[in-house]
Each structure stands twice: as structure tokens, then as C-alpha cells.
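Undergrad: Below is the structure, and that's it, no one-letter string:
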């Protein structure tokens with residue numbers, strides 16, 4: 001699924017989801033790199049770490065795609081005090 005999105009991706013941040021089976025974020029970052037080409041891929045070990053990196057990114061991000069798990073999307077919404085519509 002990453003192939004069609006590759007032209008739209010500038011950077012990727014990979015994270016595990018606590019309480020769920022997952023691969024090491026470093027392995028997922030390497031896999032993402034192989035699919036999206038020469039773009040920056042960063043493993044993170046917590047959602048907070050990934051969000052902190054995004055907030056400090058000098059390039060900024062106008063759009064962020066949460067990709068891979070509805071559980072992850074739920075964690076992001078909860079961290080942002082949002083309820084899905």
C-alpha cells in the first residue's frame with residue numbers, strides 16, 4: 001500500500017502500538033524506505049516521541065497521514081483529546 005502513496009510522502013515516522021503485536025519500528029522504517037525511495041524514515045518508540053519530532057520539524061507538516069492501524073489512529077485521537085466522528 002505504500003507504493004501508490006510514495007510520491008506524496010516527504011518523511012515517515014514509524015511507531016509501535018503498546019499492547020498490540022508489532023514489528024520493531026527500525027524494521028518498519030527500513031521497509032518504508034524501500035517502498036518510498038530516498039525519503040527520510042524515522043523509527044520512534046512512542047507516539048509522544050513521534051509527535052515531538054513532528055512538532056520540531058523545521059520543514060513543518062501541513063498534512064499528516066496515520067497509516068497502518070485503526071488502533072494507532074485511535075491512540076492519536078485520544079492523545080489529542082478528540083473523539084472520532
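TA: Thanks, I have it. In this text, all values refer to a predicted model and were calculated from it rather than measured experimentally. Numbering: from 1, shown residues only.
Undergrad: what residues does stretch 4-19 touch?
TA: Applying Cβ atoms under 8 Å, 6 or more residues apart in numbering, the contact partners of stretch 4-19 are 2, 22-26, 28-29, 32-33, 35-37, 39-47, 49-50, 53-54, 57, 59, 61, 65, 67, 69, 71-72, 75. For every residue, glycine as well, the C-beta is placed using N, CA and C.
Undergrad: Run a quick neighbour tally on residue 36.
TA: By the measure other Cβ atoms under 10 Å, the count of residues near residue 36 is 20.
Undergrad: Mind checking which of the contacts of stretch 4-19 are buried?
TA: Neighbour counting with 16 or more other Cβ atoms under 10 Å marks 22, 25, 28-29, 32-33, 35-36, 41-44, 47, 50, 72, 75 as buried within those.
Undergrad: Contacts made by stretch 27-42 with the rest, please.
TA: 2-3, 5-6, 9-14, 43, 50, 53.
Undergrad: Distance from the worst-scoring helix or strand of the chain on mean pLDDT to the middle of the chain?
TA: When the helices and strands of the chain are scored by mean pLDDT, DSSP states H and E, helix 2-5 comes last with a mean of 84. Between the centre of helix 2-5 and the centre of its chain there are 14 Å (Cα atoms, centre = their mean, to the nearest Å).
Undergrad: now, which of the buried ones among the contacts of stretch 4-19 lie within helices?
TA: 25, 28-29, 32-33, 35-36, 47, 50, 72, 75 (DSSP state H).
Undergrad: which phi and psi does the spatially most central residue of the chain have?
TA: Geometric centre of the chain, nearest residue: residue 13, 3.9 Å, by Cα atoms, centre = their mean. The phi/psi pair for residue 13 (degrees, to the nearest 10) reads phi -120, psi 120.
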